[in-house]
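Enquirer: Fold the following, please.
(one chain, ligands or ions: 2)
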Amino acid sequence: MNTQELRSFIRDLPKAELHLHIEGTLEADMIFALAERNKVRLPYADIESLNRAYQFTDLQSFLDLYYAGAAVLQTEQDFHDMTWAYLQRAAADGVVHAEIMFDPQTHTSRGVAIETVFAGLASAMRQGHKELGISSSLIFSFLRHLSEAEAFATLEQALPLRGQYDDLWLSVGLDSSENGNPPEKFQKVFAHCKELGFRRVAHAGEEGPASYVRDALDLLQAERIDHGVRSEEDPILMQRLRQEQIPLTVCPLSNLKLCVVPDLKQHNLKRLLEQGLCVTVNSDDPAYFGGYILDNYVATAQALGLSKEQLVQLAANSMAARF
Ligand code: ADE
Ligand code: ZN
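Expert: Ligands and ions are numbered 1, 2, ... in the order given. Below is the predicted model of the structure:
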């Protein structure tokens, strides 16, 4: 298949996107437009110089820029516009369902009300269901570089809104700087979220060791692992992931841009799939990593020589791993 045929083959497979940070869909031109609308000063002269700054050496070098970019989001309309833009892109890529992560603490710490964040995200998601036929839900993600007490406080702020958004807010997650912030730090808040009936995911084994994947399963009762590519370093963990069919939400272009792998040809996605793990393909922060979900599928298929059957399997895995 040539690239065009490959793109349309993959586009036509019904897919779920399960690892997507909505703040990571803010394209440089939208950052500039929102900065102007909200009178926020940016330390970049223009869109091109911001785009040129997207040269990352590791996760932290990306996160610093990503949190700075998110500061342009201030009003309900901003959160709506960002989410609507993503849903249109996703629908065009053949995504039929998206489980969308957002970082409430990134916004509440700047004085944006949690009500504003929920209202903007939710209106776009409900519109996406009606007008694009794409279903979606929210993953309320705790920032792991902050304390567990801060996670509890943010959760308490948001819980009164749960009734209003119980069609959308199904899950909690854990993201941000992995190294030095192990799963055990958030054991109590995840246990509380489980009691409250939330589904659970956690980033683990992106930059951090395989033991963080195991601890995310055992200590946080995570039902899916975001990234998890370093699981391969622990054969016992690999056996468990296969036996229990715990989904891994892998993001190949993210792994490339954040130097988790030196080259897409060296990505272990195909090996993980061939060992029978429930691997899925996702875009993570597409505005920063050079591609949405279809770009991730196509680049990975070409770099690793995935067969049509393997592509069908990846898409089917994503649909099976939905909450
Ligand atoms: N937040 C946004 N993208 C992330 C990633 N790839 N890892 C951890 N936290 C994130
Ligand atoms: Zn992520």
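Enquirer: Taking this protein, what residue is nearest to ligand 1?
Expert: D175 (3.5 Å; Cβ to the nearest ligand atom). For every residue, glycine as well, the C-beta is placed using N, CA and C.
Enquirer: Just give the number of residues close to that residue.
Expert: By the criterion of other Cβ atoms under 10 Å, D175 has 25 neighbours.
Enquirer: For H80, which non-adjacent residue is closest in space?
Expert: G120 (4.2 Å; Cβ to Cβ, 6 or more residues apart in numbering).
Enquirer: Now do the same contact list for that neighbour.
Expert: The contact partners of G120, by Cβ atoms under 8 Å, 6 or more residues apart in numbering, come to 75-83.
Enquirer: Quick check: PyMOL command selecting the buried ones in the residues you listed.
Expert: To isolate the buried ones among those in PyMOL, judged by 16 or more other Cβ atoms under 10 Å, type:
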select buried, resi 76+78+79+80+81+82+83
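Enquirer: The contacts of G120 into CSV, with extra columns for secondary structure, pLDDT and distance to P182?
Expert: CSV is the format used below for the contacts of G120 (DSSP: H, G, I helix; E, B strand; the rest coil; pLDDT from 0 to 100; distance: Cβ to Cβ, whole Å):
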residue, secondary structure, pLDDT, distance to P182
T75, coil, 98, 36
E76, helix, 98, 35
Q77, helix, 98, 38
D78, helix, 98, 34
F79, helix, 99, 31
H80, helix, 98, 36
D81, helix, 98, 36
M82, helix, 98, 31
T83, helix, 99, 31
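Enquirer: Look up which helix or strand T300 falls in, please.
Expert: helix 293-304 (DSSP states H and E).
Enquirer: which strands and helices sit next to that helix?
Expert: Applying 3 or more Cβ pairs under 8 Å, 6 or more residues apart in numbering; DSSP states H and E, we find helix 293-304 packed against helix 3-11, strand 15-21, helix 252-257, helix 269-274, strand 279-281, helix 308-320.
Enquirer: mean confidence score for the fifth one?
Expert: If I follow you right, that is strand 279-281. In this model, strand 279-281 has an average pLDDT of 99.
Enquirer: for the next helix or strand after that strand, which positions count as buried?
Expert: As assigned by DSSP H and E, the chain's next helix or strand after strand 279-281 is helix 286-289. By neighbour count with 16+ other Cβ under 10 Å, helix 286-289 contains the buried residues 286-289.
Enquirer: which one among those gets closest to R240?
Expert: Among the buried residues of helix 286-289, F289 lies closest to R240 (Cβ to Cβ), at 29.0 Å.
Enquirer: so the closest one makes contact with L253?
Expert: Yes - here F289 reaches L253: they are 4.6 Å apart, a contact under Cβ atoms under 8 Å.
Enquirer: what do the two both touch?
Expert: With Cβ under 8 Å, 6+ apart, F289 and L253 have common neighbours S283.
Enquirer: Same list (the helices and strands packed on helix 293-304) but as a markdown table, adding distance to P160 and mean neighbour count.
Expert: Formatted as a markdown table, those follow (distance: least, Cβ to Cβ, whole Å; neighbours: other Cβ atoms under 10 Å):
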| stretch | distance to P160 | mean neighbour count |
| --- | --- | --- |
| helix 3-11 | 40 | 15 |
| strand 15-21 | 24 | 28 |
| helix 252-257 | 34 | 24 |
| helix 269-274 | 41 | 18 |
| strand 279-281 | 33 | 28 |
| helix 308-320 | 33 | 17 |
